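Asker: attaching a predicted model along with its sequence, questions to come.
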Amino acid sequence: MKKKIEEISKENLPGLKDKKISRKEALRKSGFIALSAATTLILLGSPNKAAATSPVNPPPWP
């Protein structure tokens, strides 16, 4: 089963078969992903507050 999964993944992603990263690089990348996800949740977490601080629509053109 494991060989079959490896064969399928090599067929679909031929450029990745030689790419390997170290554990340190993997942890660094996952840390950046977690940081960006947390930042997104903080920024988008309260849409009511964000809508309350948005500027008023400008008056219509004459």
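Answerer: On my side now, so go ahead.
Asker: what are the boundaries of the strands in this structure?
Answerer: Assigned by DSSP state E, the chain shows no strands.
Asker: so, low pLDDT: which residues of it?
Answerer: Counting by pLDDT under 70, the chain shows low-confidence ranges at 1-18, 46-54.
Asker: ok, which stretches of it are helices?
Answerer: Taking DSSP state H, the helices of the chain run over residues 2-12, 23-44, 47-52.
Asker: any idea how far Leu43 is from Ser36?
Answerer: To Ser36, Leu43 is 11 Å away according to CB to CB, to the nearest Å. (C-beta placed from N, C-alpha, C; glycine too.)
Asker: actually, Ile21.
Answerer: Taking CB to CB as the criterion, Ile21 is separated from Ser36 by 18 Å.
Asker: next: Ser30.
Answerer: Distance of Ser30 to Ser36, computed by CB to CB: 11 Å.
Asker: shared neighbours, these two?
Answerer: Common neighbours of Ser30 and Ser36, using CB atoms under 8 Å, 6 or more residues apart in numbering, do not exist here.
Asker: so how many other residues sit close to Lys29?
Answerer: For Lys29, the count of nearby residues is 11 (other CB atoms under 10 Å).
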